[in-house]
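K.L.:
Dropping the sequence and predicted coords here.
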Amino acid sequence: MPMKFDNQTILLIVVAVSALAVLLQACILLAILLAVRKLARTLQQDAADVRATAVEVRNAVLPILETSRELLNRVAPRVENIATDASELFYALRVQASDIHYSATEILERVRVQTSRIDTMLTSALDTTDRVSAFVADAVAKPVRQFSGVLAGLRAVVETLRSPAQRAARSTVETRR
């Protein structure tokens with residue numbers, strides 16, 4: 001049989017669920033409180049351990065610091081002397097590097113001038129060689145062409161002179177056939 005819920009029953013159920021929710025929240029808050037207390041105790045113990053360790057470290061480090069201070073007091077003047085000497089050395093090196101740079105620049109300028117002169121001389125020599133070779137080629141080629149022309153003319157004359165005799169010989173050969 002189906003149950004019928006009236007307003008009072010529904011209100012009672014809502015109140016019961018709310019009470020359970022509040023009770024659950026209270027349990028969770030109690031668990032959080034206990035966890036925070038435990039964490040606070042653990043942190044207090046850890047802090048005490050850190051303090052004790054810090055005291056031990058301080059007692060171990062203080063002699064080292066004292067020894068280091070004494071060493072620095074003894075070494076400081078020597079370090080200052082080394083720094084001064086290094087500064088003077090670097091200044092001298094900078095001056096010498098400047099001189100080397102100036103010398104290298106001057107040498108490069110002289111090389112550039114000499115290279116330009118050599119280029120001009122070689123260009124002039126090659127131009128002259130080109131003109132001479134053109135002149136020689138023209139001087140040799142012109143007589144060769146003229147001689148070739150004369151030979152061609154002579155060949156043409158010989159061909160022309162031989163031509164009627166060959167025609168007559170051909171015609172006789174052809175008539176015999």
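P.N.:
Arrived safely, thanks for sending. Nothing here was measured: the structure is a model prediction, and the numbers come from that model.

K.L.:
The protein: helices as residue ranges?
P.N.:
7-176 (DSSP state H).

K.L.:
Closest to the geometric centre of it, which residue is that? Let me know.
P.N.:
For the chain, residue 101 is the residue whose C-alpha lies nearest the centre (Cα atoms, centre = their mean; 27.2 Å).

K.L.:
which regions of the chain lie under the pLDDT threshold?
P.N.:
For the chain, the stretches with pLDDT under 70 are 1-3, 164-177.

K.L.:
One more pass at 90, please.
P.N.:
Applying pLDDT under 90 to the chain flags the ranges 1-7, 54-83, 85-86, 89-90, 92-93, 130, 132-147, 149-150, 152-154, 156-177.

K.L.:
if we can go back for a sec, from residue 6, how far off is the residue nearest to the centre of the chain?
P.N.:
107 Å (Cβ to Cβ, to the nearest Å). Every C-beta, even on glycine, is put in place using the N, C-alpha and C of the backbone.

K.L.:
just residue 87 next, same as before
P.N.:
Note on residue 87: its distance to residue 6, by Cβ to Cβ, is 101 Å.

K.L.:
can you tell me which residues contact the residue nearest to the centre of the chain?
P.N.:
By Cβ atoms under 8 Å, 6 or more residues apart in numbering, the contact list for residue 101 is empty.

K.L.:
So it versus residue 131, what's the distance?
P.N.:
45 Å.

K.L.:
try residue 40
P.N.:
109 Å.

K.L.:
And residue 53, by the same measure?
P.N.:
100 Å.

K.L.:
And for residue 85?
P.N.:
Relative to residue 131, and taking Cβ to Cβ, residue 85 is found at 69 Å.

K.L.:
With that, I have no additional questions.
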